[in-house]
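K.L.:
Below are the sequence and a predicted model for it; my questions follow.
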Amino acid sequence: MYRIIRVPPEKGEEIRKRAVTERFLDTTRKIQKLQNAEGIFLEIPVTEAAGEKVGDFLVIEQENPGFSKKPSSLKEYLKDFLSEVELTYAPTGWQILGDIIIVSIPENLDEKKFLIAEALLSMYPKCKTVVRDFGIEGQFRQPKRELLLGSRTETIHKEHGCFFKQDVTKVMYSKGNLEERKRMSRLGKGEVIVDMFAGIGYFSIPMAVHSRPKKITGIEINPESFAYLKENIRLNKVEDIFTPICGDCSKVTSEGTADRVLMGYVGTTHHYLEPAIKALKESGGILHYHETVPETLARTRPQERIRDAACTLGKKVDILETRKIKKYSPGVFHMVVDAWIFK
Ligand SMILES: C[S@@+](CC[C@H](N)C(=O)[O-])C[C@H]1O[C@@H](n2cnc3c(N)ncnc32)[C@H](O)[C@@H]1O
């Protein structure tokens, strides 16, 4: 049965808005005008979730439903609901993790946030939740997010043959680091690995799944990320080679055992260079050192910091590669340096 609420035109906008915010608008059908002996009405298409009555209006069966053509972009979905100026501010990108859509919405579209969320859910019928993003904060890299539609914020994101269970309101997952996650998945075969900033396993789970190192130790300071790291080790069936440790990597990293150390953290990563270098085997090993750095210093400062820390510990450095991972903020790049450290 195709359900509608038949309302006088002056009530149309109020009921449509209510249908959007209370999530019972049926976006697969158009709002239609009807003229009969009793006057002119608007037929607002609704789903079963509307129940039997909305305010004073009964939910009734529609005789001649008109179906919407599936719009091809978010702007097209929103064009009947946002002004032309508002449309210029509408989001042009979003992230999908599992069945959750994460979107940043500018402040001047605050009042349209539920409409935008509804439009995104219509575009991705397999998704169940929309969350608004306000950025990442602090040492634990915790996201500030608002649940807009749906109820569950925990999901399992599948990427490159790996499972990443996470609560998107508690932990971050950077889409810009995808290529680096894939690159890590090709390294480390048969080696001893230390991931000093393991998070939920962003880099070390792909490595464990695809390269099968001899042993991986993943260290994570944030108990919420750590709980998901443990869960992801189990989901990806790498318990036999992966040991998670909850703690501060500057204090708990073992010395002289690793062939390769991952430093996938930005902000103050250089403060951890000495324990990272100490973690490598005496005979030598590789660092994957991340840093956010002004564009003009991108090819010099990270290398200098590695050399300075190595020099303090009486070690030598051979820079193997320097790569830009992504633009981090205006004029700032997220860089990775691969360095061979030896005596
Ligand atoms: C930025 S996240 C990793 C993000 C990842 N690169 C990605 O692809 O999305 C870095 C992790 O390091 C953790 N961390 C920060 N300081 C730490 C420390 N001293 N010891 C261990 N973990 C730490 C944070 O809690 C966070 O989960």
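P.N.:
Everything's here; your move.

K.L.:
Please name the nearest non-neighbouring residue to residue 208.
P.N.:
residue 238 (4.0 Å; C-beta to C-beta, 6 or more residues apart in numbering). C-beta here means a position set from N, CA and C on the backbone, and glycine is covered the same way.

K.L.:
list the contacts for residue 243?
P.N.:
215-218 (C-beta atoms under 8 Å, 6 or more residues apart in numbering).

K.L.:
how about a cut-off of 10 Å?
P.N.:
By C-beta atoms under 10 Å, 6 or more residues apart in numbering, residue 243 lies in contact with 215-219, 233.

K.L.:
Narrow those to those in helices?
P.N.:
Of the contacts of residue 243, the ones assigned to helices by DSSP state H are residue 233.

K.L.:
Could you pull up phi and psi at residue 27?
P.N.:
phi -80, psi 0 (degrees, to the nearest 10).

K.L.:
So the residue nearest to it when sequence neighbours are not counted, which state does it fall into?
P.N.:
Leaving aside its sequence neighbours, residue 27 sits nearest to residue 122 (C-beta to C-beta, 6+ apart; 4.5 Å). Secondary structure, DSSP: H, G, I helix; E, B strand; the rest coil: residue 122 is helix.

K.L.:
Use 54 as the first number from now on
P.N.:
Got it, first residue is 54 now, which makes that one residue 175.

K.L.:
Quick check: the gap between residue 175 and the ligand.
P.N.:
Separation of residue 175 from the ligand (C-beta to the nearest ligand atom, to the nearest Å): 28 Å.

K.L.:
So which residues on the protein come close to the ligand?
P.N.:
192-194, 225-227, 230, 250, 252, 255, 272-275, 278, 301-303, 317-318 (C-beta under 6 Å from any ligand atom).

K.L.:
So which of those are in helices?
P.N.:
278, 302-303.

K.L.:
Return the closest of those residues with respect to residue 155.
P.N.:
residue 278 (16.9 Å; C-beta to C-beta).

K.L.:
contacting residues for that closest one?
P.N.:
193-195, 219-220, 223-225, 250-255, 299.

K.L.:
neighbour-wise, which of those leads?
P.N.:
Neighbour tally across the contacts of residue 278 (other C-beta atoms under 10 Å): the maximum, 33 neighbours, falls on residue 254.

K.L.:
how near is it to residue 212?
P.N.:
Note on residue 254: its distance to residue 212, by C-beta to C-beta, to the nearest Å, is 11 Å.
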